[in-house]
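Peer 1: Provided below for reference: sequence and predicted model.
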Amino acid sequence: MNMKSRWLIFLLVAVAQFMVVLDISITNVALPTIKQTYHFTTDSLQWVITAYALTFGGFLLLGGRAADLYGRRLTLLLGMLGFTIISFLIGISQTAVMLIILRALQGMAAALMSPSALSIVLTTFKEGTERNRALGYWSTVATGGAAVGLLLGGVLTQYLGWRWNFFINVPVGLIVAFAISRYVPKHESEAKHNDLDLPGAILVTSGLIALVFLISQAPLWGVLSLPSIGLFILAIALLFGFVVNESRSDHPLMPLSIFAIRNVIGANLMMAPVAATMLGSFFLLSLYIQTIMHYSPVITGLSFLPFPIIMGYTSTRVSSLVSKYGYKGFLIAGPLLVAISFGLLSRLPINGNYFLDILPSTLLMPMGIGMTIMPLIAAATSGVPRNEAGLASGLINTSQQMGGALGLSILSGIAATVAASSAPLGQRAAAVLGYDRAFFVAVIFTLFATFLAVAIIKQRRHIDVSHPSVSHQISLD
């Protein structure tokens, strides 16, 4: 396969990934309009985002393993067609319940697309500089796409209506699915069996979903309430059952041997808090800009414009530097820059000024994230066997999306709880105080990611990014 063909394949699967990431964030700017349409409460509004991120993250291991067993192209095409159809149904949805259910189904379709797309990239490009370059561009798509979604969502919401945030997926999905079926080579399973570990899939998916649901509802129920304690026990039991099942299964969904690779553990542990801050911060910052600063949807989207530009530039430059200097230094410095940007956001005032209070963070944050995501993908996939490419893709994607879903639930829950307890200050002042406290917690998350890089990540210069990983996307959509 010549270079031109490889980059055509990359372009097609990158568009598929872009659709996945876009639909995490594109809805953020439309949230105030959707809230009015369906009369959502402030507490329930986050489920428009969380329902998607939750099922996306919960089914990623299943999607990644399905790609290994049944073919990457086939799994990607099935996911794309499902994603396209569900996008149309969301656009014509008539009730809040219908919208949330369809968003959850859309996340399941995305869970087939994302690990398949990335594993195609990782098996298309040779190990070394060429693959690192591809992963640099992939990181831009996986994270910068979230910021582009905010801009595009603002334009569509203001001029065509929020439903077009989903209708736009229909023509793009059909065209790209046709092109993939024609130009991306068919991938046959490299495994000696096609037995999908359904018990393991059910246990890990239900366990992860129960855990995120618990975190999102605990502020309403009470942390020590009977429902919270019961759901916590259920989530732990399901996840423990998954580990036991994987250790005994002849064909496990997630062979535990993959965790013998130290950097796989470290990178996945790091991805969760990094993604948690990204998705949660986009959600809260877009609400602050629209509800406190009273910016229109289009101006709100434009306020995030520096993000994809800086993110794209940094990601593509870091890929070559990682090959030369290794990834550990970037995995320490990147989260530190993100932590500083959240520290600035934790001091947002009631009468905020974009250039003084927001722009510095939107310049610093994408630089830090650009320094972090590509090295994380490299660390998470280095040394993974070829026949487990989809698994490793699904694993790092799961860390990203479940981290994002957890982060959104935690940060939005903190913001809502602080705002409710500060009601005597007035509605606007209480809301801003809630945002500030949530951003301060995001500082703690990113500092924890830095600690993990120092403590666990093992330096490696000549990187075998041979197989799997991410999203993210970002999922912070």
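Peer 2: Everything's here; your move. Numbers count the residues shown, from 1 in each chain.
Peer 1: Give me the below-cutoff pLDDT ranges for the stretch 251-400 of the chain.
Peer 2: Within the stretch 251-400 of the chain, the stretches with pLDDT under 70 are 383-391.
Peer 1: residue ranges for the helices of it, please.
Peer 2: 262-287, 297-303, 306-325, 328-345, 359-381, 389-421 (DSSP state H, counting those that start in this stretch).
Peer 1: the domain parsing of this structure - what is it?
Peer 2: Recorded structural domains for the chain (assignment: automatic domain parsing) are 3-196+253-455, 197-252.
Peer 1: ok now the last one, how far from the chain's centre?
Peer 2: A distance of 20 Å separates the centroid of the chain from that of domain 197-252, by CA atoms, centre = their mean, to the nearest Å.
Peer 1: re the thing from before, output the helices of the stretch 251-400 of the chain as TSV; include the columns distance to residue 48 and mean neighbour count.
Peer 2: C-beta here means a position set from N, CA and C on the backbone, and glycine is covered the same way. Conversion of the helices of the stretch 251-400 of the chain to TSV gives the following (distance: least, CB to CB, whole Å; neighbours: other CB atoms under 10 Å):
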stretch	distance to residue 48	mean neighbour count
helix 262-287	10	26
helix 297-303	15	21
helix 306-325	21	20
helix 328-345	22	22
helix 359-381	23	27
helix 389-421	11	27
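Peer 1: check contacts around the closest residue to residue 409 other than its chain neighbours.
Peer 2: Once flanking residues are discounted, residue 409 sits nearest to residue 216: 3.8 Å by CB to CB, 6 or more residues apart in numbering. Residues in contact with residue 216 (CB atoms under 8 Å, 6 or more residues apart in numbering) are 46, 47, 50, 409, 413.
Peer 1: Could you report the distance from residue 216 to residue 413?
Peer 2: 7 Å (CB to CB, to the nearest Å).
Peer 1: Could you look over the domains of the chain and pick the most buried one?
Peer 2: Comparing the domains of the chain by mean neighbour count (mean count of other CB atoms under 10 Å), domain 3-196+253-455 comes out on top with a mean of 22.
Peer 1: Measure how far that one is from the centre of its chain, please.
Peer 2: Distance, stretch centre to chain centre, for domain 3-196+253-455: 3 Å (CA atoms, centre = their mean).
Peer 1: do you know which of the helices of the stretch 251-400 of the chain lies nearest residue 81?
Peer 2: Nearest to residue 81 among those is helix 389-421; the distance by CB to CB comes to 18.8 Å.
Peer 1: And that closest one, what does it pack against?
Peer 2: Applying 3 or more CB pairs under 8 Å, 6 or more residues apart in numbering; DSSP states H and E, one finds that helix 389-421 makes contact with helix 47-58, helix 60-70, helix 96-124, helix 198-221, helix 262-287, helix 359-381, helix 427-455.
Peer 1: Could you export those helices as CSV, including distance to residue 176?
Peer 2: CSV is the format used below for these (distance: least, CB to CB, whole Å):
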stretch, distance to residue 176
helix 47-58, 19
helix 60-70, 17
helix 96-124, 10
helix 198-221, 27
helix 262-287, 24
helix 359-381, 22
helix 427-455, 33
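Peer 1: Relative to residue 231, which of the ones you listed is closest?
Peer 2: The stretch from the helices and strands packed on helix 389-421 with the least distance to residue 231 (CB to CB) is helix 198-221; that distance is 4.4 Å.
Peer 1: Give me the mean pLDDT for the closest one.
Peer 2: The average pLDDT within helix 198-221 is 81.
Peer 1: and the angle for it with helix 389-421?
Peer 2: Interaxial angle of helix 198-221 relative to helix 389-421 (axes from the mean of the first three to the mean of the last three CA atoms, to 10 degrees): 10 degrees.
Peer 1: ok so, going back, right, and the pair among the contacts of residue 216 with maximum separation?
Peer 2: The farthest-apart pair in the contacts of residue 216, when distances are taken by CB to CB, is 47 and 413, at 12.2 Å.
Peer 1: coming back round to it: quick one: which of the contacts of residue 216 is nearest to residue 345?
Peer 2: Closest to residue 345, out of all of the contacts of residue 216 and judged by CB to CB, is residue 413, at 17.5 Å.
Peer 1: ok, that closest one to residue 105 distance?
Peer 2: Residue 413 is 25 Å from residue 105, by CB to CB.
Peer 1: next one: residue 367
Peer 2: Taking CB to CB, one finds residue 367 at 36 Å from residue 105.
Peer 1: Identify the residue nearest the residue lying farthest from the centre of the chain in space, chain neighbours excluded?
Peer 2: For the chain, the largest distance from the centre (CA atoms, centre = their mean) belongs to residue 424, which lies 36.0 Å off. Spatial nearest neighbour of residue 424, chain neighbours left out: residue 430 (8.0 Å); criterion: CB to CB, 6+ apart.
Peer 1: Isn't residue 276 up against residue 411?
Peer 2: Yes - applying CB atoms under 8 Å, one finds residue 276 in contact with residue 411, separated by 7.5 Å.
Peer 1: Touching both of the two, which residues are there?
Peer 2: residue 442.
Peer 1: helix/strand/coil for residue 40?
Peer 2: Of the three states, residue 40 takes coil under DSSP: H, G, I helix; E, B strand; the rest coil.
Peer 1: Now for it: which residues touch it?
Peer 2: Taking CB under 8 Å, 6+ apart, one finds 34, 48, 96 in contact with residue 40.
Peer 1: Same list (those) but as a markdown table, adding pLDDT.
Peer 2: As requested, these are exported to a markdown table (pLDDT from 0 to 100):
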| residue | pLDDT |
| --- | --- |
| 34 | 86 |
| 48 | 85 |
| 96 | 87 |
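Peer 1: Just name the closest of these to residue 434, please.
Peer 2: Nearest member of the contacts of residue 40 to residue 434, counting by CB to CB, is residue 48, at 18.9 Å.
Peer 1: Contacts only, for that closest one.
Peer 2: Counting by CB under 8 Å, 6+ apart, residue 48 touches 27, 31, 34, 40, 99, 100, 103.
Peer 1: Quick one: those as CSV, columns for distance to residue 234 too.
Peer 2: Below are the contacts of residue 48 laid out as CSV (distance: CB to CB, whole Å):
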residue, distance to residue 234
27, 29
31, 30
34, 31
40, 27
99, 27
100, 21
103, 23
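Peer 1: of those, closest to residue 87?
Peer 2: Using CB to CB, the contacts of residue 48 come closest to residue 87 at residue 103, 10.1 Å.
Peer 1: Run through the stretch 1-150 of the chain and note the low-pLDDT ranges.
Peer 2: In the stretch 1-150 of the chain (pLDDT under 70), the answer is 1-3, 41-43, 127-128, 143-144, 146-147.
Peer 1: quick one on the thing from earlier: among the helices and strands packed on helix 389-421, which is nearest residue 324?
Peer 2: With CB to CB as the criterion, residue 324 lies closest to helix 359-381 of those, at 12.3 Å.
Peer 1: Are there helices or strands packed against the closest one, and which ones?
Peer 2: Using 3+ CB pairs under 8 Å, 6+ apart: helix 359-381 touches helix 129-139, helix 262-287, helix 306-325, helix 328-345, helix 389-421.
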